[in-house]
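**Q** No sequence on hand, only this structure:
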């Protein structure tokens, strides 16, 4: 089985050593539930890059970070774009102070034992290869990658854990996020890690410090891919490098090449729906089992399910 943390585009996750596992067992460290806080981000106009990120940890780990986070922000509602550009509650604060705070917050996150997952997609690449796909397709791809990766972490946790997801209460995507999570991702057939998911997706406002932490990772994830799309000369951001160096963060960069490969699968499925083919019968059975109609959105969900089960 391929580990989700092995990737050519990200730092690899370092699992616990045998001695560390034994030490934890001897200390009888048992966590009731892991919690993921999540958020999304896009470029300024929302036309190049879209990203979703989630950060996973125990309640004790979150409580420790929250205390230091609020002390650093002095109670301001942190938003990565505002902090870097001087908008919102960072309006009027000198640039050097804003950027120092951003660095300090990044170092706080890097100094924890929290695990971060980020997924970003090339919007133009997606639209070029999937012009007839559902408008929420980019969101669905990124959101699913984050949920699936966090579920695997919880599944292999010692002892095995249930994971609770709390996302920013963004009304533009709240309904879609809840529908995808509660009606699809928690019911994926043949996906063993789904047993680690709590049934309900929860939401919190951006005053919640943990959501602000997720916003930082979502912003870094978006910038990671966006900088590759806009320049071949730009160096890795210092803040991103700080997170990479911990080896506890994973990024899925869904580039134009990814979108092209997905389109090939789509075309094969489309062609086979008019005749015999290796994908046609399983897809029709999937539609029937899930009481769904053949449309672009369901084709997308079906292909992502195949991708998940083949390469967990």
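**A** Right, received. Where do you want to start? None of the values given here were measured: they were computed from a predicted structure.

**Q** Run through the neighbouring helices and strands of the strand or helix carrying residue 63.
**A** When secondary structure is defined using DSSP states H and E, the element that contains residue 63 is helix 59-73. Applying 3 or more CB pairs under 8 Å, 6 or more residues apart in numbering; DSSP states H and E, we find helix 59-73 packed against strand 34-42, helix 95-110, helix 209-230. All C-beta spots, glycine's among them, are computed from the backbone N, C-alpha and C.

**Q** 7 Å instead?
**A** helix 95-110, helix 209-230 (3 or more CB pairs under 7 Å, 6 or more residues apart in numbering; DSSP states H and E).

**Q** how much does it deviate in direction from helix 95-110?
**A** For helix 59-73 against helix 95-110, the angle by axes from the mean of the first three to the mean of the last three CA atoms, to 10 degrees is 170 degrees.

**Q** tell me the mean pLDDT for stretch 155-167?
**A** For stretch 155-167, the per-residue pLDDT values average out at 90.

**Q** First-to-last residue distance for it?
**A** End-to-end span of stretch 155-167 (CA to CA, to the nearest Å): 20 Å.

**Q** Then stretch 195-206?
**A** With CA to CA applied, stretch 195-206 spans 29 Å between its terminal residues.

**Q** And it, what's buried?
**A** With burial defined by 16 or more other CB atoms under 10 Å, the residues of stretch 195-206 counted as buried are 196-198, 201, 203-204, 206.

**Q** Output those as TSV; include the columns pLDDT.
**A** What follows is these, written out as TSV (pLDDT from 0 to 100):
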residue	pLDDT
196	91
197	92
198	92
201	94
203	95
204	94
206	89
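
**Q** Could you list which of these belong to strands?
**A** For those, membership in strands holds for 203-204, with DSSP state E as the criterion.

**Q** Going by distance to residue 139, which of the buried residues of stretch 195-206 wins?
**A** The nearest member of the buried residues of stretch 195-206 to residue 139, counting by CB to CB, is residue 201 at 13.6 Å.

**Q** which residue sits closest to the closest one, ignoring its sequence neighbours?
**A** The shortest distance from residue 201 to any residue other than its chain neighbours is 4.1 Å, reached at residue 181 (CB to CB, 6 or more residues apart in numbering).

**Q** any idea which element the one you found lies in?
**A** In the assignment (DSSP H and E), residue 181 maps to helix 174-183.

**Q** and the nearest residue to residue 225 once chain neighbours are set aside, how many residues sit next to it?
**A** Once its chain neighbours are removed from consideration, residue 225 has its nearest residue in residue 120; the separation is 3.9 Å (CB to CB, 6+ apart). Other residues within reach of residue 120 by the criterion other CB atoms under 10 Å amount to 32.

**Q** What backbone torsions are found at residue 120?
**A** The phi/psi pair for residue 120 (degrees, to the nearest 10) reads phi -130, psi 150.

**Q** What of residue 271?
**A** phi -60, psi -40.

**Q** Quickly note the distance from it to residue 107.
**A** Residue 271 sits 52 Å away from residue 107, going by CB to CB, to the nearest Å.

**Q** thinking again about what came up before, to residue 141, which of the helices and strands packed on helix 59-73 lies closest?
**A** Shortest distance between residue 141 and the helices and strands packed on helix 59-73, using CB to CB, is found for helix 209-230: 12.4 Å.

**Q** which secondary structure elements does that closest one contact?
**A** For helix 209-230, the elements it packs on are strand 34-42, strand 49-57, helix 59-73, helix 80-85, helix 95-110, strand 115-122, helix 238-244, strand 249-254, judged by 3+ CB pairs under 7 Å, 6+ apart.

**Q** Now mean pLDDT and distance to residue 165 too, for those, in a markdown table please.
**A** Putting the helices and strands packed on helix 209-230 into a markdown table (pLDDT from 0 to 100; distance: least, CB to CB, whole Å) gives the following:
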| stretch | mean pLDDT | distance to residue 165 |
| --- | --- | --- |
| strand 34-42 | 94 | 5 |
| strand 49-57 | 96 | 7 |
| helix 59-73 | 95 | 13 |
| helix 80-85 | 96 | 20 |
| helix 95-110 | 98 | 18 |
| strand 115-122 | 97 | 11 |
| helix 238-244 | 97 | 20 |
| strand 249-254 | 95 | 16 |
